[in-house]
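**Q** show me the folded form of this:
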Amino acid sequence: MPGAAVTIADLPAPAGLIPSRGCAPLHEDATDVRDDATTALSEVSDAWLVGRARELSAVGQNSDALGQRGTIREADGLLAEAQRRGEPRIVAQLLRHCAAMRLSTPGLAHGADPLLDELLTHSRRHGLLVLEADARALRGRRQLLASGEDNAISEVAWGLAMLEDELVPDTALGRRSWDRLLATALIDLGYVLTQLGVYEMAEVVMGRAHHRIRESGGPHEIAVHMMNRCRMLLGWGLRLERIGEDDEAGERFATASALAYAVEGPWQESLFPRLPDRTAWDQIPLLGAAHALAQPGPEHIERLQRLRSLDRAIHPREKIIVAIALSRCLMSADRRAEAVSVLAPSRAAGQDSRSHVTTDTSDPTLRISLAREYARLVEIDEPISDALGEYVLELETELWTMREARYSTLSSRLENARLNLRHDAITQQALQDPLTGLSNRRALDDRLDSLLGSAEAQPLSIALVDLDGFKEVNDRCSHAEGDDVLRVVATTLRDTLRVDDFVSRYGGDEFVVLLPVVALTDAESALQRTVEAIARLPKALSRGVTLSIGVVAMRAQESGAQVLARADAAMYQAKRGGGNQVATFAAAEEAQYPAGPSGPREQETWIPPQPH
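**A** Predicted coordinates:
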């Protein structure tokens, strides 16, 4: 649970291959990495949490089932600590890692659903567009695991549309970390496109990921990207073979083999657990299969047999690819009976998890390729007629046409997503303050009217926030630095409150917060935490400003103007008390401002604040 005292020693160590550099945290960007097993999570940096999660994700991919579950438990502990701290970008990255690890673990994919829903909501709220697109990609992957191809197409279309335009890097992350997140999102989208069989689009998306990784990626990101491209090329080649395009298929296999060689350098410096005395293609089934499919021969047999028998989790997609590669190598050595036995389990229904080849609903095209491979071997004993052969080719051509239809469907939904995003952007501009990115006065009026008329929003608390010392910032520094302070305060307000709380810029250096279904005492406590968060900001960011906040509870039959007037009066109480605090009206003071057409500021000469 968030806030619990968790230590690294309390969490199970992942099983599987022994990493050459151990399983101690080794995040490249962390400046205070600790490898003391008794280090409490509360003592480590945010960078450490993200780095450890990346490492666990890599370890889990090369562990057995028990090891995978162990890494997930540790990652959940990291997520709980991140949620306790509340830094939105760190929370989003931990949510992404925990969800992706479950999607890769047999029997746990359903556990990713609430995490992906939370990631989508969280990233939307905090404007983390790249992580929102990644959430879409992972949801598409989840849909394919549940045989929801149509929904997967919609999810990936939205993710692609979000990342199409030239994006502004998130300065709070730093350019290198932001590039990595963007590359990860593109790789996840490319992975789903590969499973859908839309290889041409997957290649384009992978190319964009390559550009980002080349600019800012470390060895681990480079290795992951190259292996994903290798996976895509092998699936593409197997699919091309089914329509008789053997030469083009051979080109894909040759490129995949070249990547399997090229990945060696990054692999040796990656976060993946590995045996230091063996090459990457001796340890990663997919890479070993790439060499075998490019040039099938007896020299690959022993390696592929060993890779198939590794006591660790291998994704069903890769099991199929390795099985096909091994069968071809066995055939090249005139060991046809063994080649058939390698593929035969694919035809058995209800296989258990111990089978070397298992079906996977997320990639039907690979299952068909496997069935085709088996049929080609059996055909030696039971030759099929020319007519039946022509029928099979026609059927494969029809399936390829269906693949083209899937591509068209995806293109159509991508265009629809683009239009929707443009419409949303135009609507948002009309309701958004351009300086802070918060909702503007028009949006505030709409939301307040909606909440005042909703019984489900009760009790409703309303707060007016004013900056202490902001005029001095403008006078002493510049209006540009004043704008920077407003943006920092806006971000802190949004990040320290709930998803359901509505934060808007009221004008000048004032903000309004609507807290639905929150009693006045609870609202006061929540806003006090915001006051303290601003006070703790480095002076280089806050320029020394603090907050004065007035908060009131809505009365029955009260208008928006009336409740805001009372919140304004309460804010002046906080000002008179020295600022840097939250003030609410006592009962006697409330009586001074009965619900009616007049409010405190209407009883004095008052000019509404205007943007400077």
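**Q** what bits of the stretch 301-450 of the chain have low per-residue confidence?
**A** Residues of the stretch 301-450 of the chain that meet the criterion pLDDT under 70 lie in 311-313, 345-363, 379-403, 427-429.
**Q** which residues in it form helices?
**A** Ranges of helices in the stretch 301-450 of the chain, per DSSP state H, counting those that start in this stretch, are 301-308, 316-332, 336-343, 364-378, 386-431, 441-452.
**Q** okay, and for the stretch 1-150 of the chain, where does confidence drop off?
**A** In the stretch 1-150 of the chain, residues with pLDDT under 70: 1-39.
**Q** all helices of the stretch 101-250 of the chain, in order?
**A** Using DSSP H, counting those that start in this stretch, helices in the stretch 101-250 of the chain cover 112-125, 129-145, 149-162, 175-196, 199-216, 219-241, 246-262.
**Q** how about these, which one is nearest residue 497?
**A** helix 112-125 (9.8 Å; Cβ to Cβ). Heads up, the C-betas are built off the backbone N, CA and C, glycines and all.
**Q** so what secondary structure elements neighbour that closest one?
**A** helix 88-103, helix 129-145 (3 or more Cβ pairs under 8 Å, 6 or more residues apart in numbering; DSSP states H and E).
**Q** most tightly packed of the helices of the stretch 301-450 of the chain?
**A** helix 316-332 (a mean of 24; mean count of other Cβ atoms under 10 Å).
**Q** dump it to CSV, restricted to CA.
**A** In CSV, the C-alpha atoms belonging to helix 316-332 read as follows (Å, rounded to 0.1, in the frame of the first residue of the first chain):
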residue,chain,number,x,y,z
PRO,A,316,4.0,-18.1,-27.8
ARG,A,317,4.9,-16.0,-30.9
GLU,A,318,8.5,-16.8,-30.5
LYS,A,319,7.8,-20.5,-29.8
ILE,A,320,6.1,-20.8,-33.2
ILE,A,321,8.9,-19.0,-35.0
VAL,A,322,11.6,-21.1,-33.3
ALA,A,323,9.6,-24.3,-34.1
ILE,A,324,9.4,-23.5,-37.8
ALA,A,325,13.1,-22.6,-37.9
LEU,A,326,14.1,-25.8,-36.2
SER,A,327,12.0,-28.0,-38.4
ARG,A,328,13.6,-26.5,-41.5
CYS,A,329,17.1,-27.1,-40.2
LEU,A,330,16.1,-30.7,-39.3
MET,A,331,14.8,-31.2,-42.9
SER,A,332,18.1,-29.8,-44.2
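**Q** what's that helix packed up against?
**A** Helix 316-332 packs on helix 219-241, helix 285-294, helix 301-308, helix 336-343, helix 364-378, going by 3+ Cβ pairs under 8 Å, 6+ apart.
**Q** just the strands in the stretch 401-550 of the chain please.
**A** For the stretch 401-550 of the chain, strands defined by DSSP state E, counting those that start in this stretch occupy the ranges 460-468, 502-507, 510-516, 546-553.
**Q** tell me which strands the first one pairs with, and in which orientation.
**A** According to DSSP bridges, strand 460-468 has the following sheet partners: strand 510-516 (antiparallel), strand 546-553 (antiparallel).
**Q** would you map out the domains in this protein?
**A** Per automatic domain parsing, the structural domains of the chain span 218-383, 441-603.
**Q** columns distance to residue 93 on top of the ones you listed, output as TSV?
**A** Shown next, in TSV, are the domains of the chain (distance: least, Cβ to Cβ, whole Å):
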stretch	distance to residue 93
domain 218-383	14
domain 441-603	15
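**Q** thanks a lot, catch you later.
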